[in-house]
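Trainee: Here is my input; please provide its structure:
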Amino acid sequence: MPLPSVQILTIGEDRDGQRLDNFLFNTLKGVPKTHVYRLLRTGQVRINGKRCKPDTRIAAGDQVRVPPVRVPEARDPGQAPDRLLREVPSWIVFEDRHYLVFNKPSGIAAHGGSGVSFGAIELLRQARSDEAFELVHRLDRDTSGVLVFAKRRPALTQLQTEIRENRTRKRYLALLAGRLPKDKMFVDVALAKNVLQGGERMVTVDDEGKPSRSTFKVIERLRDATFVEVLIETGRTHQIRVHAQHLGFPLLGDDKYGDAQANRAAKQFGLKRLFLHAAEFGFSAGEPRRDYLFHAPLAPELEAVLANWPRDGSSGAR
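Mentor: Now for the predicted structure:
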């Protein structure tokens, strides 16, 4: 449906400090980002009567002019299944007045879209409909572990700044195909996103891409596999999965970047999913500054795989 006319929107306290383009994406849901940027580039969006750039930070009380835009009618996904809503409280591993943290199960997307009706954020909002939550960052659908939500706009923007500036601690646990030759291996390569015919998204090592850095540390060497922790300095799409592939020791259970033969062999030990778990997420935020370090225990199905896997190798140093 088209908007009836020009809108003059007053910014509330909950949007103070948000980037203008992100505010418009939320206000004009369903409108292509390219069109939103065209509106900004041509001066049709203004703050307090003045032209502005996409990265302009809006402030409480600002008057934002939004031109008439045809907005697709939003699709209501309806009520999430009761089975999933009943599970939501068991996923919570931390909560205060600023943040709520899930130990997200594998198979649950961070948010809805691309054929997914109910991601973690939609489930949380339905389970606790009297509260406001925003998704701070993302995890792949098949990756389990720490997923952070903000309960207040300042908490959201501050943590997203820490993420953007690579000032967070992110520690993952993974099982790699093959035996890593060194106890510690560092990967520093550029990654680029590619969209294949059919819409599938793939990430490749590409000198023209964005920088990415990961450190793989051996926890234990198993038969034809290595259990590792991975510390990432950057948070590129599919970063750990592509870095493991680049090393020549892909993640087990990875049907996109992995080794099909190794994945089939892993099934005899009970592996039915991607073996990648976000175990820790740390940062400093707030006024005064406070240190946060969220933990998510390894998923039971992955613990079972480790228990079943033959241990005829040597342990590595953390």
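Trainee: show me where the stretch 51-200 of the chain has helices.
Mentor: Along the stretch 51-200 of the chain, the segments classed as helices by DSSP state H, counting those that start in this stretch run 82-91, 120-127, 153-164.
Trainee: so which of those helices gets nearest residue 25?
Mentor: When these are compared by CB to CB, helix 153-164 sits nearest residue 25, at 14.1 Å. (Glycine included, C-beta is placed from N, CA and C.)
Trainee: Buried deepest among the helices of the stretch 51-200 of the chain, which one?
Mentor: helix 120-127 (a mean of 20; mean count of other CB atoms under 10 Å).
Trainee: Packing partners of it?
Mentor: The contact analysis (3 or more CB pairs under 8 Å, 6 or more residues apart in numbering; DSSP states H and E) places helix 120-127 against helix 82-91, strand 99-104, strand 134-135, strand 144-150.
Trainee: The most centrally placed residue in the chain: what's it in contact with?
Mentor: Residue closest to the average C-alpha location in the chain (CA atoms, centre = their mean): residue 138, at 1.2 Å. When contacts are counted by CB atoms under 8 Å, 6 or more residues apart in numbering, residue 138 touches 110, 111.
Trainee: hang on, the earlier thing: got the helices of the stretch 51-200 of the chain as CSV, with mean pLDDT and distance to residue 225 columns?
Mentor: Converted to CSV, the helices of the stretch 51-200 of the chain look like this (pLDDT from 0 to 100; distance: least, CB to CB, whole Å):
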stretch, mean pLDDT, distance to residue 225
helix 82-91, 93, 28
helix 120-127, 92, 29
helix 153-164, 87, 31
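Trainee: among these, which is nearest residue 222?
Mentor: That would be helix 82-91 among the helices of the stretch 51-200 of the chain, by CB to CB, at 28.7 Å.
Trainee: Contacts for that closest one next, please.
Mentor: Identification of contacts with helix 82-91 by CB under 8 Å, 6+ apart yields 102, 103, 104, 105, 118, 120, 123, 124, 126, 127, 128.
Trainee: Pull up the per-residue confidence for the second one.
Mentor: Spelled out, it's residue 103. pLDDT recorded at residue 103 is 97.
Trainee: Tell me the bridge partners for it.
Mentor: Beta bridges link residue 103 to residue 146 when assigned by DSSP bridges.
Trainee: how close does it get to residue 239?
Mentor: Distance, residue 103 to residue 239, using CB to CB, to the nearest Å: 21 Å.
Trainee: and residue 231, which of the three is it?
Mentor: strand (DSSP: H, G, I helix; E, B strand; the rest coil).
Trainee: Per the annotation, how does this structure divide into domains?
Mentor: 7-66, 82-160, 169-308 (automatic domain parsing).
Trainee: average pLDDT for the longest one?
Mentor: Right, domain 169-308. Per-residue pLDDT over domain 169-308 has a mean of 93.
Trainee: That one: end-to-end distance?
Mentor: Using CA to CA, to the nearest Å, the end-to-end distance of domain 169-308 comes out at 30 Å.
Trainee: any idea how far that domain is from the chain center?
Mentor: Domain 169-308 sits 14 Å away from the centroid of its parent chain (CA atoms, centre = their mean, to the nearest Å).
Trainee: now the helices of the stretch 51-200 of the chain as CSV including distance to residue 250?
Mentor: As requested, the helices of the stretch 51-200 of the chain are exported to CSV (distance: least, CB to CB, whole Å):
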stretch, distance to residue 250
helix 82-91, 28
helix 120-127, 26
helix 153-164, 26
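Trainee: Tell me which of those sits nearest to residue 303.
Mentor: Closest approach to residue 303 among these is made by helix 82-91 (16.5 Å; CB to CB).
Trainee: ok, now which ones touch residue 257?
Mentor: Shown in contact with residue 257 (CB under 8 Å, 6+ apart): 238, 241, 242, 244, 245, 250, 251.
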